[in-house]
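1. below are the sequence and a predicted model; questions follow.
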Amino acid sequence: MPYKRRLRLLLVASVHPEWAEEARAAAARIGADHIEPRAVPEVGLSETEWADLILTLEPAARDALPRLPPRIRVRHLELPPASDSPAREDVIEEHLRGILGGLRLMARSDEID
């Protein structure tokens, strides 16, 4: 059972928007019961109203973030070069599994209380 509701994860990559889509697909595959992922090239007002966590996948996306409400958490993921697709996918999946592990831990903690 998910913790309260699924985490609204916004994946942002402006220079390589395909990276955000790859990460969205991985998040949907790995954490469908716990994560609601969206991929965008930039963050606008509608995304700030929706997202719980923003994960930027390249420095340009991180640097272009607007001022965000304090309730939104932001993480930046350093990825391997564009030419190393398998390594990039591994780093993305490892990070997503870490997020998913935290969500599962919170769900178990909630069940105990």
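-> Done, it's in.

2. so where do the strands sit in this protein?
-> With DSSP state E as the criterion, the chain has strands at 7-12, 35-40, 53-56, 73-76.

3. now do the first one and strand 35-40, the angle between them.
-> On the basis of axes from the mean of the first three to the mean of the last three Cα atoms, to 10 degrees, strand 7-12 is oriented at 20 degrees to strand 35-40.

4. return the most buried member of the strands of the chain.
-> Among the strands of the chain, the stretch with the highest mean neighbour count (mean count of other Cβ atoms under 10 Å) is strand 7-12, at a mean of 24. From N, CA and C alone the C-beta is placed, and that goes for glycine too.

5. what packs against that strand?
-> Packing contacts for strand 7-12, counted by 3 or more Cβ pairs under 8 Å, 6 or more residues apart in numbering; DSSP states H and E, involve helix 17-31, strand 35-40, helix 45-50, strand 53-56, helix 85-112.

6. of all the ones you listed, which lies closest to L79?
-> Nearest to L79, of all those, is helix 85-112, at 4.9 Å by Cβ to Cβ.

7. run through who's touching stretch 44-63.
-> Applying Cβ atoms under 8 Å, 6 or more residues apart in numbering, the contact partners of stretch 44-63 are 7-16, 19-20, 23, 38, 40-43, 65-66, 68-69, 71-77, 79, 92, 95, 99.
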